[in-house]
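>>> Give the three-dimensional model of this entry:
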Amino acid sequence: MPENIVELERFVDRAGPLYSLPTVAVEILQLTAQPKVDLSELKKCLMRDPALVSKMLRVVNSSLFGLSRGVSDLNQALALLGTKSVRLLVLGFSLPEELFAGLTGDILRRYWHHTAIKATAAREISESIYRMPGEEPFIAGLLQDLGMLVLIQQLGEPYVRFLERAFAKAVDVSAAETVTLGFDHVQLSARLLQRWSLPENLVAAIGVGNSTERMEKIPDSQKALPQILHLADLLSGMLAEGRTDWLGGLLGVGQHYHQLSGTQLTALVSRLRAKVDQFSNVLSVELPADINYESILAEAYRRLTTEADSAATDLSAMQQFETAGIPVVAAANLATNDAREESAVLGDAAALSEAVRRFSQQAAKKMPGKSLLFARTPAKAALQAMPKHAGAPSPAMATTVSQDSNGSSTLPSVALSGTATQSAASLKNVAVTENKAGISTELLRSVEQAIATCRRTRQPLSLVLVEIDQFEELSAKWGGHECLRLAKLVSLTCSCVEHAHNVQLQTNECRFALVLPNCDRPGAGEIGHQILSGIRRLSQRHRDVAEAKLKISVGVTTVAMLAKNFLPAMLLDSADRCLHAAQLSGGNTLKSIDVL
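Now for the predicted structure:
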C-alpha cells in the first residue's frame, strides 16, 4: 500500500481514465482470467490485430526469449509460451499511444534505454541466478516505469525539467519524487496497471520498487520478483546513466537477496548489449548508441577497488590515532562532492508540487465531487494519518545544499548514492515520539548521547530548534495537506546542514531540532541563519510558498564545556527559551545563548 495513498489516488482518478488499453487487449485479459482458457477464442481475438500478432512473433523468435526452435505462426506461439506469457506480451505491446504522444529527444531515449536494460536484465537475473522463468520479470521490467510517462504527460515542463536534471546528475528519481510529490512514479505505475486488471502479484511486485520498507512488508514467498526488479533497476541505472559508484550497492543488495557474485554479474553484463539491441529492434525504439556495458562495469570495479583501498588506509590511520590516545572526530561526508553536483535537482521542487496542485484543481473542476489534492483538512487529523518517518527524507538519502552567487542556501537535492553515501551520511532522521512532558523522547535520547560524547572528547555542544511561525493559522487557512508539504520543505532545508554527526529530528508537526556535537555558538548561529535564508529564498522564488507566507523562528543554545552534572533538560530548556524569544520578536528571526 503506498505511503501517501490519498495524493496518489486523487492523481490516478484524474490521469487513469486518459490511458486505457485497446479493445483487443481488454478482451484478452478477460479471456485469460477464466479458470479454463478457450484457446480458439483467444486466437480468434488475437487475429483481429495482425500488427500485434506480428510483434509477438518477432519477440518470441528473438534472443530475448531464447526458445529452442523457431515459431512461425500463432498456434505455435500459444503452444510454446502458454496463455500466461501471451497475456503479458500482449499487455507489453498494447501500451496506450497517449503515453508516448509528443515525447521526443533525450528524455525518451533515456527512458527506453533504462527500460530496455531493466527488462532484459530482469529476465537474465531470473533465469540465470534465481532459476525461474524469465517472461514475467521481463514484462514487469518493461512496465515498471510507465508512471514516469504519465507524469510527463500530465505535469508537463516542471516534471520534464526535473527529469532532465535528475538524469544529468544521476539522482535517484524515485527518492526525489517521494519527497516532492508524496509518491513515486513506480507506485503510480502499479496503480495504473491495477486498473488494467493485471495479475495482483505482478502489480504488487512492480509497486515495491527499490523501497526497503515496502519490500519488508511483503511475504517471503512473494519477494523473488520484486528483488529481481530491484537488482535489474540498479544495474540499468549503473549502465544507462554511467553510475559506476553504484556497483558496491548492487553487489551488496545482490549478495543479500540471492548470493549474487561478481562472476555472475560480469557474465550477465557480457550478454546484455546484444539483447538490448534486439529489444530496440523489436520494439522499434531509439536508444543511445556506442555505449559499452562491459567497459562501464570494468570502470566500476576499478573505482570500487580504489575506494576500498582508500577506506582501508583511512581506517589504518584512525586506528593509529586511537592507539596513541588521540580522539578522532569523524571526517566530512564522503559523498559531499557528488551531493553538491546533485544539488540543483530539487531546485524545482516547489514548482513541481504546484504543477500537481494545478492538475488536481483542474480535475476537481472536470469531476464534481472530487476533492483537491491539497484538501482543506485539519492539520492534526492529517498528521495522525502520517506513516512513520513522514515529513523527512529516508535515512538512505544523502542531502546537501546548493549555493547561489552570494553563497546563501537554497532548496536541497535528494540523491540515493548507494551504500557509500548511506554509510557516510551523518544525518539521522527519527520518528516523532513524545512523552508526557511534551519533550520528544528521541530528542532527549539524542541529546543525552551527544552530551556523553562531547564531555568525553571535551568538545562544545549546540542545539538548534526550528519552528514554523503561526502554524495554527496556516493550518486553518491552507489545510492539513498543504501544511504537511510546507513542513517537508522546512525539513529538507534543515537537512542541508553539513556538520559531522549532526542529528535532525521532527519533534512535532511544526518543530524541528538539530543536535550539533563539536559545534560552538558562532557555528550553530551560522547554521541557523542558513536555514532562515533557505526559507526566505523559497518564498522569493516560488509563488505558492510566498502565498502561504511561510516563515520560521530559530532558537540556538550552546554549552562550551560540559560539566559532569550537566543535565539534558538544561540545554533543551535554554533552546526553547531562545525560540520563544525569537517568536515574541515577530518571528522569522534567530535568538541564541550560551549555557554556562
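>>> so where's the chain shaky on pLDDT?
Along the chain, segments meeting pLDDT under 70 span 1-5, 63-67, 102-105, 167-172, 307-351, 353-354, 356-439, 541-542, 544.
>>> in it, which spans are strands?
398-403, 409-415, 429-430, 461-468, 503-506, 511-517, 552-559, 590-594 (DSSP state E).
>>> so residue 275 makes contact with residue 120?
Yes - counting by Cβ atoms under 8 Å, residue 275 touches residue 120, with 4.5 Å between them. Backbone N, C-alpha and C define where each C-beta goes, glycine included.
>>> Looking only at neighbour counts, state which of these two leads.
Neighbour totals were compared for residue 275 and residue 120, and residue 120 leads with 30 against 20 (other Cβ atoms under 10 Å).
>>> got the contact list for the more buried one?
64, 138, 141, 272, 275-276, 279 (Cβ atoms under 8 Å, 6 or more residues apart in numbering).
>>> Could you do residue 224 as well?
Counting by Cβ under 8 Å, 6+ apart, residue 224 has contacts 130, 132.
>>> same thing with residue 100?
108, 149.
>>> was I right about residue 512 contacting residue 506?
Yes - using Cβ under 8 Å, residue 512 and residue 506 qualify as a contacting pair, with a distance of 5.3 Å.
>>> Overlap in contacts, these two.
With Cβ under 8 Å, 6+ apart, residue 512 and residue 506 have common neighbours residue 491.
>>> And the residue most central in space within the chain, how far from residue 186?
For the chain, residue 175 is the residue whose C-alpha lies nearest the centre (Cα atoms, centre = their mean; 1.2 Å). Relative to residue 186, residue 175 is positioned 11 Å away (Cβ to Cβ, to the nearest Å).
>>> and what of residue 21?
Counting by Cβ to Cβ, the gap from residue 21 to residue 186 is 20 Å.
>>> the more surrounded of the two?
Neighbour totals were compared for residue 21 and residue 186, and residue 186 leads with 27 against 18 (other Cβ under 10 Å).
>>> Now the more buried one: closest residue in space, sequence neighbours ignored.
Distances taken as Cβ to Cβ, 6 or more residues apart in numbering place residue 209 nearest to residue 186, at 3.7 Å, with adjacent residues excluded.
>>> I figured that neighbour hits residue 177, correct?
No - using Cβ under 8 Å, residue 209 is not in contact with residue 177, being 10.2 Å away.
>>> what is in contact with the two at once?
With Cβ under 8 Å, 6+ apart, residue 209 and residue 177 have common neighbours residue 184.
>>> hey, C-alpha coordinates of stretch 224-235 in CSV?
Output of stretch 224-235 as CSV, limited to C-alpha atoms (Å, rounded to 0.1, in the frame of the first residue of the first chain):
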residue,chain,number,x,y,z
ALA,A,224,11.6,-13.1,-5.7
LEU,A,225,10.0,-10.9,-8.4
PRO,A,226,10.4,-7.5,-6.6
GLN,A,227,14.0,-8.5,-5.7
ILE,A,228,14.7,-9.3,-9.3
LEU,A,229,13.3,-5.9,-10.4
HIS,A,230,15.3,-4.1,-7.8
LEU,A,231,18.5,-5.7,-9.0
ALA,A,232,17.6,-5.0,-12.6
ASP,A,233,16.9,-1.4,-11.8
LEU,A,234,20.2,-0.9,-10.0
LEU,A,235,22.0,-2.5,-12.9
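>>> Can we start the residue count at 758 from this point?
Sure, I'll start counting at 758 from here, so that last one is stretch 981-992.
>>> next one: it to chain centre, how far?
On the basis of Cα atoms, centre = their mean, to the nearest Å, stretch 981-992 sits 15 Å off its chain's mean C-alpha point.
>>> Over to stretch 1206-1224?
Averaging C-alpha positions (Cα atoms, centre = their mean) puts stretch 1206-1224 31 Å from its chain's average.
>>> now stretch 943-963
18 Å.
>>> can you list contacts of that stretch?
For stretch 943-963, contacts defined as Cβ under 8 Å, 6+ apart pick out 759, 765-766, 768-769, 772-773, 776, 778, 786, 790, 845, 848, 893, 896-897, 900-905, 907-908, 931, 964-967, 975, 979, 982-983, 986.
>>> what does stretch 1036-1053 give?
812, 815-816, 819, 821, 865-867, 869-870, 873, 876-877, 995-997, 999, 1001, 1026-1027, 1029-1030, 1033-1034.
>>> please redo it, this time with the cut-off set to 7 Å
815-816, 819, 821, 866, 869-870, 873, 876-877, 995-996, 999, 1001, 1026-1027, 1029-1030 (Cβ atoms under 7 Å, 6 or more residues apart in numbering).
>>> still on that earlier bit, the contacts of stretch 943-963, buried ones only, as a ChimeraX selection?
Listed next is the ChimeraX selection for buried residues among those, using 16 or more other Cβ atoms under 10 Å:
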select :759,765,768,769,772,773,776,778,786,845,848,893,896,897,900,901,902,903,904,905,907,908,931,964,965,966,967,975,982,983,986
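>>> Tell me how far stretch 890-905 lies from the chain's centre.
19 Å.
>>> For it, give the distance from the opening residue to the closing one.
The first and final residues of stretch 890-905 sit 27 Å from each other (Cα to Cα, to the nearest Å).
>>> Please report how far residue 1033 lies from residue 870.
8 Å.
>>> which one of these two has more residues nearby?
Per other Cβ under 10 Å, whichever of residue 1033 and residue 870 has more neighbours is residue 1033, with 26 against 22.
>>> Just give the nearest non-adjacent residue to the more buried one, would you?
Excluding its sequence neighbours, the residue lying closest to residue 1033 (Cβ to Cβ, 6+ apart) is residue 873, at 4.8 Å.
>>> Residue 1235 now?
Spatially, and ignoring its direct neighbours in sequence, residue 1235 is nearest to residue 1305 (5.8 Å; Cβ to Cβ, 6+ apart).
>>> ok, that neighbour touching residue 1242?
No - applying Cβ atoms under 7 Å, one finds residue 1305 not in contact with residue 1242, separated by 9.3 Å.
>>> Between these two, tell me which one has more neighbours.
Each of residue 1305 and residue 1242 has its neighbours counted (other Cβ under 10 Å); residue 1242 has more, 25 against 20.
>>> hey, where'd the helices end up in the stretch 958-1107 of the chain?
Assigned by DSSP state H, counting those that start in this stretch, the helices in the stretch 958-1107 of the chain fall at 969-974, 981-997, 1004-1015, 1019-1040, 1050-1080, 1093-1098, 1106-1123.
>>> packing partners for the third one?
Using 3 or more Cβ pairs under 7 Å, 6 or more residues apart in numbering; DSSP states H and E as the contact criterion, the neighbours of helix 1004-1015 among helices and strands are helix 981-997, helix 1050-1080, helix 1175-1181.
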